[in-house]
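Peer 1: Build me a model:
(chains A, B and C)
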Amino acid sequence: MNPLLTYMITPLLVWAGIFGYLFWLDMRVRALEKRLDEEASR
Amino acid sequence: MGSHSSGWAHEAFAVFGKDWLLELRTRVALGAVVLFAVTSVVAAGFALAPPSAVAAEVKAALLWVVLFFAAVAGLSRVFVVEEETRTADALRLVVSPAGVFVGKLAFNTVLMWALCAVTVPLFLVLMEASVRSGGLFFTVVLLGSTALACATTAVGAIVAKATMRGALFGVLSFPVALPPLLVSIHATKASWIDDNAWRVATGDLQVLIGFMLVMVPASLLVFEHIWSD
Amino acid sequence: MTNSTMGKAMTGVWIAAVTVAAFLWLPPAQGFRSPEAARMVVFHVPCAILTFVAFLLNAAYSWKYLRSRDPLSDGKANAAAELGMLFAILATATGSLFALEQWGSAWNWDPRETSIVILMLVYAAYFVLRGAVEEKTKRARLSAAYALLAFPAMVFLIWILPRIVESLHPTNTLFTRMGLDVTYRVTLWSFFAGLLAVFVWMFRLRLRVEQLEARVRRQPDEDTTPEPVLTGEQR
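Peer 2: Predicted coordinates:
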């Protein structure tokens, strides 16, 4: 396998992990904000 | 609360005088600082014997490391004592922030000079460091120790209001004190062994002076915001 | 306030694309000891730039806090410091790996390397100070004060010391014609653009988390679970 591809896979995987985490966190925060807003307007 | 602009210099002098009067009576800070420095120098001298085998850069670095840690040991309390003895509020009422800060800064500076007066000769003797350019060395020690006082006084004010003051003071002071430390070490080494010492050290001296010119107003600005609360 | 999911997804794709380009499109750099490893520069420099940007933001929001006493400014200063620490670690890691390839040793006490370490010490000191003060307004005030003391000190460290002492780091390679080849510059700044978008995203996210915590704390006592948990509707 082209060694360059191997060097490239690691940063890509790292980025996938980081991006995935950020996206998930974003979704959770958004859900929580929505829930608090709903509770506040009750 | 009168804030006569020419008054702060008088106030600073008064604060300085009061602090030194107290200090000369109790000799607490002086004692701590000098004891620390002497112990460190003796320990270093013992561990590194024979000193002739130690390179000049190492000795120069060692000198300033000792001076810095002695400063941390001795200068951290300068605002804490006011909080502890409850005189801080009285100071706030009577003296302008500028007066308090400059007075404390002056106190710290003289404390550093006293520290150097004891430590440096002892160090030179025990570590067998020969000085080629005495004038430059004296200048570096003078400016460098003053710069250390400038770097640490405002940090002392910040720490006085927090907990874990001793350890905190060292941690917070170190990055701020690092620029003057680095150039003082470099210039000290030049004054000990270099041929054209003054020319080599010109940049260092400029940094020291520039550092003080920047940090004192910055410290003053910061101090005014945290003192009167 | 653009909070679009599309924007974030695009950022994710952009960074992945630039990373791939850095390996497959970018030629190995001439003039470097390990031309393949030189690609690291594309990742290292943007991280370093962003950690200093974060430091600037920290100082700016700290000043703003001292003037306005607005807790939001304090939150922003803190968020900036956290991101700054993160990117400083990334910059140091990528820089060390590159140094290992290029000069044979991971650490050389070159002025720029030293200043990034000191910057991390400043951030660490900032967090230690914040940890040592319980009360919120006091904490904000004292940490803002410290940030404003550390800032000029770091300016000295970063700009002045390398001019006095010899440095391994080249200067002027990013903007001038001499220095990095144009392909590298394009890739580097492309990565920077993507990373900047990530920075802004993380910054805003951090602020939102803080605001959520404040809102949850103001809630009545019934909901005392320390970690808010998503219930049925959001699964």
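
Peer 1: How about the contacts made by the residue of chain A found nearest chain C?
Peer 2: Nearest residue of chain A to chain C: A:Met8, at 3.9 Å (CB to the nearest CB). Every residue, glycine included, has its C-beta placed from N, CA and C. Applying CB atoms under 8 Å, 6 or more residues apart in numbering or on different chains to A:Met8 gives the contacts C:19-20, C:22-24.

Peer 1: worst-scoring helix or strand of chain B, pLDDT-wise?
Peer 2: helix B:80-84 (a mean of 75; mean pLDDT, DSSP states H and E).

Peer 1: just checking, what packs against it?
Peer 2: helix B:134-160 (3 or more CB pairs under 8 Å, 6 or more residues apart in numbering or on different chains; DSSP states H and E).

Peer 1: what about the helix it packs on and chain C, touching?
Peer 2: Yes - contact of helix B:134-160 with chain C (CB under 8 Å from any CB of the partner chain) involves B:151, B:154-155, B:157-158.

Peer 1: one step back: out of the contacts of A:Met8, list just those in helices.
Peer 2: C:19-20, C:22-24 (DSSP state H).

Peer 1: Only the buried subset of the residues you listed, as a ChimeraX command please.
Peer 2: Provided next is the ChimeraX selection string for whichever of the ones in helices among the contacts of A:Met8 are buried by 16 or more other CB atoms under 10 Å in any protein chain shown:
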select /C:19,22,23
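
Peer 1: Can you name the residues of chain C that neighbour chain A?
Peer 2: C:8, C:12, C:15-16, C:19-20, C:22-24, C:36, C:39, C:43, C:198, C:201-202, C:205, C:208-209, C:212, C:215-216, C:219, C:228, C:230-231, C:234.

Peer 1: so who does the closest residue to B:Met112 other than its chain neighbours touch?
Peer 2: Nearest residue to B:Met112, sequence neighbours excluded (CB to CB, 6 or more residues apart in numbering or on different chains): B:Ser145, at 4.0 Å. Contact analysis of B:Ser145 by CB under 8 Å, 6+ apart lists B:67, B:109, B:112-113, B:115-116.

Peer 1: okay, and for chain A, where does confidence drop off?
Peer 2: A:1-3 (pLDDT under 70).

Peer 1: The residue in it that chain B sits nearest to: neighbouring residues, count only.
Peer 2: Using CB to the nearest CB, the single residue of chain A nearest to chain B is A:Ile18, 28.4 Å away. The number of residues packed near A:Ile18 is 14, by other CB atoms under 10 Å in any protein chain shown.

Peer 1: same check, this time on B:Ala117
Peer 2: 13.

Peer 1: So it, which state does it fall into?
Peer 2: Here B:Ala117 is recorded as helix under DSSP: H, G, I helix; E, B strand; the rest coil.

Peer 1: quick one: B:Phe16 from C:Ser115, how far?
Peer 2: Per CB to CB, to the nearest Å, B:Phe16 is found 35 Å from C:Ser115.

Peer 1: same question, B:Leu126
Peer 2: 33 Å.

Peer 1: Settle it for me: which of these two has more neighbours?
Peer 2: Neighbour totals were compared for B:Leu126 and C:Ser115, and C:Ser115 leads with 20 against 17 (other CB under 10 Å).

Peer 1: Between the ones in helices among the contacts of A:Met8, which sits nearest chain A?
Peer 2: C:Phe23 (3.9 Å).

Peer 1: The closest residue to the closest one other than its chain neighbours sits in which helix or strand?
Peer 2: Leaving aside its sequence neighbours, C:Phe23 sits nearest to A:Met8 (CB to CB, 6+ apart; 3.9 Å). Using DSSP states H and E, the element containing A:Met8 is helix A:3-41.

Peer 1: Name the residues of that helix that are buried.
Peer 2: For helix A:3-41, by 16+ other CB under 10 Å, it's A:8, A:11, A:15, A:19, A:22, A:26, A:28-29, A:31-32, A:35-36.

Peer 1: returning to what we had before: which one of the residues of helix B:134-160 next to chain C is nearest to B:Leu172?
Peer 2: B:Val155 (5.0 Å; CB to CB).

Peer 1: In terms of pLDDT, where does the closest one sit?
Peer 2: For B:Val155, the model assigns a pLDDT of 93.

Peer 1: Same check on C:His44?
Peer 2: 89.

Peer 1: nearest spatial neighbour of it, skipping sequence neighbours?
Peer 2: C:Thr94 (3.9 Å).

Peer 1: quick one: secondary structure of that neighbour?
Peer 2: Per three-state DSSP, C:Thr94 ends up helix.

Peer 1: is it true that it touches C:Pro46?
Peer 2: No - judged on CB atoms under 8 Å, C:Thr94 makes no contact with C:Pro46 at a distance of 9.6 Å.

Peer 1: Comparing the two, which shows the higher neighbour count?
Peer 2: Between C:Thr94 and C:Pro46, counted using other CB under 10 Å, C:Pro46 has the larger neighbour count: 25 against 20.
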